[in-house]
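Engineer: Predicted model and sequence follow; I will ask about them next.
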Amino acid sequence: WMWWSRGIGGKSALDYLIKVRDYTFMEAVQTIAGQAAITPPVSLPAEKTTLKKLLLPRANRSVTQVVSYLQKRGIDTEVIDFCLETGRIYESAYHHNAVFVGRDQEEKPRYAALRGIGTDFIGDANGSDKNYSFSIPAGKSCQEVHLFESAIDLLSYATLLKLDGQDWRENHLLSLAGVYQPAKETEKSKVPAALIRFLKDYPEVQIVVLHLDNDRAGRMAAGAIRTVLPEKYKTADRPPPQGKDYNDYLCIRLGIEVTKREKRGSERRTEAMKAGNFCRILKEMER
């Protein structure tokens, strides 16, 4: 099972009762064993004061596969090296997934997105806090934050800045850890949690530049964020000039053709997540 909005999942009833129904370990075991009555879910405060414990996958000794994967997507070597050195990206052992790590201001890991290299796998590490999604803060104090749907789009934009001879560390770069879903009534939408957290941590920011996808969902999300963001912030909407997202645009600029498997997997994941079609995702993962 997978609870996409929370970024948590599991393979057993025990996982479900503990993570979703907030049972203690003993309560969950007793319920499964039929030794305790199923009680209503425990009501919780809107905001938990306890920190989530992030369970990061063990790092592989080599980063060869993740570096090759990023280079095939057009990401600049300097950008890749920076992320490896700062622990923002690494290659997991066993499954050799690309791991994109979100860190707080003290550089403590708080979130991790897992992406299959050569596979359709996508997921978040257990205990991930989406308030701290993948980001690259500016090298010095600045007033702009640039917003992206995914880590790969963020890295693509940084590469494009390098191609144009600009300083890619001049402004804050922040991803949203996936697709942002506005409310049916735009004015009732909420500002993405990752953006709220970032603006709180960097109060000097005054300008939010949106680089969301060129599809319907991306355009709706951009409009909703600009509508609900407090008036004290200036906003700009800058989708990619070509292609669906900034990695598409980078590949077009570089003349790179992303392999059909990578592109098909990326499109299937994105569309399934946007449609909320969880059954389709599960069937594809089983295949």
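Structural biologist: Received, thanks.
Engineer: where does the stretch 51-200 of the chain dip in pLDDT?
Structural biologist: The model of the stretch 51-200 of the chain has pLDDT under 70 over residues 51-52, 179.
Engineer: Please, where are all the strands along it?
Structural biologist: With strands called from DSSP state E, counting those that start in this stretch, the stretch 51-200 of the chain shows them at 89-91, 98-103, 109-115, 122-124, 135-136, 144-148, 172-175.
Engineer: do you know which of those lies nearest P57?
Structural biologist: Across the strands of the stretch 51-200 of the chain, the minimum distance to P57, taken as Cβ to Cβ, is reached by strand 98-103, at 6.1 Å. Quick note: C-beta positions are derived from backbone N, CA and C, even for glycine.
Engineer: angle of the closest one against strand 109-115?
Structural biologist: Put simply, strand 98-103 runs at 160 degrees to strand 109-115, going by axes from the mean of the first three to the mean of the last three Cα atoms, to 10 degrees.
Engineer: Switch the strands of the stretch 51-200 of the chain over to CSV; also include distance to Q181.
Structural biologist: Converted to CSV, those look like this (distance: least, Cβ to Cβ, whole Å):
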stretch, distance to Q181
strand 89-91, 26
strand 98-103, 19
strand 109-115, 17
strand 122-124, 16
strand 135-136, 20
strand 144-148, 15
strand 172-175, 16
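Engineer: Hmm, F25 and I18 touching each other?
Structural biologist: Yes: at 6.6 Å, I18 and F25 qualify as touching, with contact defined as Cβ atoms under 8 Å.
Engineer: ok, for the spatially most central residue of the chain, nearest residue in space, not its chain neighbours?
Structural biologist: The residue lying closest to the centre of the chain (Cα atoms, centre = their mean) is A177, at 1.7 Å. Using Cβ to Cβ, 6 or more residues apart in numbering and skipping residues adjacent in sequence, the residue nearest A177 is S133, 3.6 Å away.
Engineer: This completes my enquiry, with thanks.
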